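Asker: quick one, structure for this:
(4 chains)
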Protein chains: 4
Amino acid sequence: MLVYTLLIHCPDRKGLIYNITQVVFQHDLNIISNGEFVDKENNYFFMRAEISGEDIAPAQLEADLRNTLPPEAKISLLPQQKKKIVILVTKEHHCLGDLLLREQYNDLNASILAVIGNYNTLQPLAEKFGVPFHEVSHDAKTREEHDQEIQAIIQQYDPDYVVLAKYMRVLNPGFVEQFPNRIINIHHSFLPAFIGANPYRQAYERGVKIIGATAHFVNSDLDEGPIIAQNVIQVNHTQSARDMAQAGRDVEKIVLAQALKLVFADKVFVNRNKTIIFY
Amino acid sequence: MLVYTLLIHCPDRKGLIYNITQVVFQHDLNIISNGEFVDKENNYFFMRAEISGEDIAPAQLEADLRNTLPPEAKISLLPQQKKKIVILVTKEHHCLGDLLLREQYNDLNASILAVIGNYNTLQPLAEKFGVPFHEVSHDAKTREEHDQEIQAIIQQYDPDYVVLAKYMRVLNPGFVEQFPNRIINIHHSFLPAFIGANPYRQAYERGVKIIGATAHFVNSDLDEGPIIAQNVIQVNHTQSARDMAQAGRDVEKIVLAQALKLVFADKVFVNRNKTIIFY
Amino acid sequence: MLVYTLLIHCPDRKGLIYNITQVVFQHDLNIISNGEFVDKENNYFFMRAEISGEDIAPAQLEADLRNTLPPEAKISLLPQQKKKIVILVTKEHHCLGDLLLREQYNDLNASILAVIGNYNTLQPLAEKFGVPFHEVSHDAKTREEHDQEIQAIIQQYDPDYVVLAKYMRVLNPGFVEQFPNRIINIHHSFLPAFIGANPYRQAYERGVKIIGATAHFVNSDLDEGPIIAQNVIQVNHTQSARDMAQAGRDVEKIVLAQALKLVFADKVFVNRNKTIIFY
Amino acid sequence: MLVYTLLIHCPDRKGLIYNITQVVFQHDLNIISNGEFVDKENNYFFMRAEISGEDIAPAQLEADLRNTLPPEAKISLLPQQKKKIVILVTKEHHCLGDLLLREQYNDLNASILAVIGNYNTLQPLAEKFGVPFHEVSHDAKTREEHDQEIQAIIQQYDPDYVVLAKYMRVLNPGFVEQFPNRIINIHHSFLPAFIGANPYRQAYERGVKIIGATAHFVNSDLDEGPIIAQNVIQVNHTQSARDMAQAGRDVEKIVLAQALKLVFADKVFVNRNKTIIFY
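Answerer: Here you go, the predicted model:
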């Protein structure tokens, strides 16, 4: 029994689900899970289905679907399999360590092909788990040069996704455009937000009672792409800025893993600057 | 433009969505929101759609759907409108007060037709909001007599749902069977659970760090029906059993309101002893 | 048996707790609860104790404490009793309704002396609970004139605290300075923060997964004083901006009540721009 | 500058804090953090202080404190340093992996001296981090024999605490009594609780919306000792029993780490069957 994930998005119109499911039925396939969402403001249709059958002809199925759908339709027909990823890091270990452990024990739904760091701090950690580590120092390089060097290494691995696991540098737009909706970042979040250097210090001085983490796609500004997952943890005045940062690390690693789980299961559409998630 | 909610559940088979959406398409109707879920273990199909059109003929639509579906199919075609409810209470005010305020400000999606209490403690509260209150004391009555008296009052209002807003008596099976999947209860929940009298006292003595609330349908045992919503609140050792009960009341009222919101929007199916919720 | 809350804050030095508890011991009083916190960065000492005895002479006790403490010490000796409050509102009912219900059922630890609104929208709600309502329209008035009119009404009630329960206007610094650490506000909070008009719309367009609420003292900028309590609620892409605002109202009313409970129990110190809370 | 943590608990009486802080003052020491709690029901006093000074004479300080306190008083004067721990595991990796990573990066406040497993499944993981692993199979042994074998290995390391990181066997009372308030366990928790085999399966069938984890001391029954920390995670009907178990693992590892952090900082007293925690 084969299982594929079918993703479709296109302008909405009457009869879309009927048209799509007719094609699936004619191919003698089962729909074992299905969800649709219409963005009414923009009149846009999103659909995610898991379809199974003894025999699936993806190219023919996609062609038949294309025939029945509006010309702008985006159709993806994906075999259910592990994604391939490359991870970028700087010096903090908590997200990388968590992802390496999850991959090791089949809890990530992805293969970590390589880790790239602008420092070599985390090289021993990656290598402990048998994952190649590339140090690409930014010393004495322009931002473009540095990005291109990293990009060259990534391309050699041809990953499905690039995960920024506390990679503390801003990527150039040129880099980001190479991987549309395929770069995922994690960062701390506060209520209220603190702009500028040392946000944990600012959060401490303001006496926040909650700190959070946001996992999102990187499409332009580092901290501004479509949000995939968020969560928070409670803190109090007895905790120093350092304690708060430590609490923040726990929520960061869990939120990043939750977001990746959704993305790697092909459950996340990007719709303008937000996500549509079929939980 | 009319909008109806269409609810279908039946044994799963190939082509169901196609069959259903074909009928909808033939009636020249739009599907403005749609979700399906297949319980794979029991091979059962659940679908919720919101359909709209200039002109909807519900009886004809339902007949045409029935023709195309398995004979066991349950089909509901519901106009989107406020539900009618009757609320049962004992002495605690927090859930009733919250529901009366929400109804008053159109934040409940329901009309509260009446409140019935086995004490008259909350009569002034109900009447403050112009809602009729019936005191039905259980004094000197068997459980059956008391239940029947309450049932008679409920039937006179013909509500869509009966809400137990901290009604502290167990209902007879005979009563419950009159309202299948139409009685909703709220109760506190603990990790771990505490059996027997005064659970807050037990929770206090065990030093729990979290207390919760569960809203669920009542189909048999008072605290055992399909769960609709749950949430928790953190507590600590400085709080007395009384403080914990007070914290518990806050989470109870919010969880009850969240559950009712889902039920009144026809988003909740009951599937054996659990719920399927189209959030 | 009398019970007082003793609050002390002053520059830290060796022997402070010893000096203070010696005075309490010499007065033959019991310490039934006690907490100290030292802000090490600023070398500042905070202490909250509940003391009880057959016979307490507050003036003498305070004088004896002052003798043993640094001259800058702030000492408060407060009988444990309900606070008196005045509530300011605009048009939203959820926080006011919740506070009126809590007061009615002795769940607020305060008496609501009056409600003041810049519209009369909530007059029927306040009066339903027997609380006087004053409409003070801002029409055709400068901000100073409007504030002074409100201030005059407040002073006539001589409250311990002023609660802004969704009062949607900015108060002048002159107003705020009249009530240092005695005005409490509630507002929604987002991760990330959204500046400018219609933040729920912005949050919706960004697809946030969490919305929160912050209760804080108002000492200068409306949304910038020391934070007392915060909490969040999860949302998703199926919710409209209006749904998110509704979810936000639930968390706002609970967070405001939690914050007031802490403040009214004299558990909250203000230390620069943050709070020290003895939970 | 030396820093010690001072822990005292004894029957309550007037003047205790005064008596204790007098001794500390006479030793010319600073109290840099302090908390007291009185269990009023049992009239019992708990105090935790961090004291610092150029020169601390622990034996003399403890003797002087003992002279001023009731004879039943328990006094501990602990240098602030890393704890030594031994971890017991079965086959699940998530808690062990998380603890190994934290220790490696100085985020645990403890040294992991050894890991003992009743299977060798996690031997490669422990050894990856340079920690000795002992397999002690329970095959063909009585429970007592197996426990004694493990106990012999533990004693050879002389740890401060024994951590059960998903050790799936019940320990004999004789074993537990060797380490009073020094064995910490983590287990999943549900609302409501599910007794018997395969609780995730039962939780799935009941359609729970929340699953939790509880970290606690083991003093008698495996799942019944004083609770140190608890937390929860939201789940829904689309998740299988296996998905719920996976979600449960994330909350288990975070709750265990939070509990250990509190215990290893000497912030947790055991008071009958609950904990007093100085956060």
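
Asker: what does the stretch 151-279 of chain A put close to chain C?
Answerer: A:189-193, A:204-210, A:212, A:214, A:223, A:226-232, A:236-238, A:271-277, A:279 (Cβ under 8 Å from any Cβ of the partner chain). In short, each C-beta sits where N, CA and C put it, glycine included.

Asker: generate a ChimeraX selection restricted to the buried subset of these.
Answerer: Remark: buried members of these, expressed as a ChimeraX selection using 16 or more other Cβ atoms under 10 Å in any protein chain shown:
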select /A:189,190,191,192,193,204,206,207,208,209,210,212,214,226,227,228,229,230,231,232,237,271,273,274,275,276,277
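
Asker: which of the residues of the stretch 151-279 of chain A next to chain C are close to chain B?
Answerer: Restricting these to those near chain B by Cβ under 8 Å from any Cβ leaves A:Y279.

Asker: what about the residues of the stretch 151-279 of chain A next to chain C, which are in strands?
Answerer: Those of those mapping onto strands are A:189-190, A:210, A:212, A:214, A:227-232, A:271, A:274-277, per DSSP state E.

Asker: what is the lowest-pLDDT residue among the residues you listed?
Answerer: pLDDT across those is lowest for A:F190, at 77.

Asker: which ones are touching A:D158?
Answerer: A:K84 (Cβ atoms under 8 Å, 6 or more residues apart in numbering or on different chains).

Asker: now it: how far from A:F217?
Answerer: A:D158 sits 19 Å away from A:F217, going by Cβ to Cβ, to the nearest Å.

Asker: swap in A:E41?
Answerer: With distances taken as Cβ to Cβ, A:E41 is found 20 Å from A:F217.

Asker: so between these two, which is more surrounded?
Answerer: Between A:E41 and A:F217, counted using other Cβ atoms under 10 Å in any protein chain shown, A:F217 has the larger neighbour count: 26 against 11.

Asker: mind telling me what element A:V162 is part of?
Answerer: In this assignment (DSSP states H and E), A:V162 forms part of strand A:161-164.

Asker: quick one: contacts of that strand?
Answerer: A:83-88, A:99, A:110, A:154, A:179, A:182-186, A:218, A:256, A:260, A:263-264.

Asker: can you give me the helices for the stretch 51-200 of chain A?
Answerer: A:58-68, A:94-104, A:123-128, A:143-157, A:173-177, A:199-206 (DSSP state H, counting those that start in this stretch).

Asker: could I get the ones you listed as JSON lines with distance to B:Q60?
Answerer: JSON lines is the format used below for the helices of the stretch 51-200 of chain A (distance: least, Cβ to Cβ, whole Å):
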{"stretch": "helix A:58-68", "distance to B:Q60": "27"}
{"stretch": "helix A:94-104", "distance to B:Q60": "53"}
{"stretch": "helix A:123-128", "distance to B:Q60": "65"}
{"stretch": "helix A:143-157", "distance to B:Q60": "58"}
{"stretch": "helix A:173-177", "distance to B:Q60": "53"}
{"stretch": "helix A:199-206", "distance to B:Q60": "61"}
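
Asker: please work out which of these is packed deepest.
Answerer: helix A:94-104 (a mean of 24; mean count of other Cβ atoms under 10 Å in any protein chain shown).

Asker: orientation of it relative to helix D:94-104 in degrees?
Answerer: 140 degrees (axes from the mean of the first three to the mean of the last three Cα atoms, to 10 degrees).

Asker: can helix A:94-104 be said to contact chain D?
Answerer: Yes. Helix A:94-104 comes into contact with chain D (Cβ under 8 Å from any Cβ), by way of A:94, A:97-98, A:101, A:104.

Asker: tell me the average confidence for that helix?
Answerer: For helix A:94-104, the mean per-residue pLDDT is 98.
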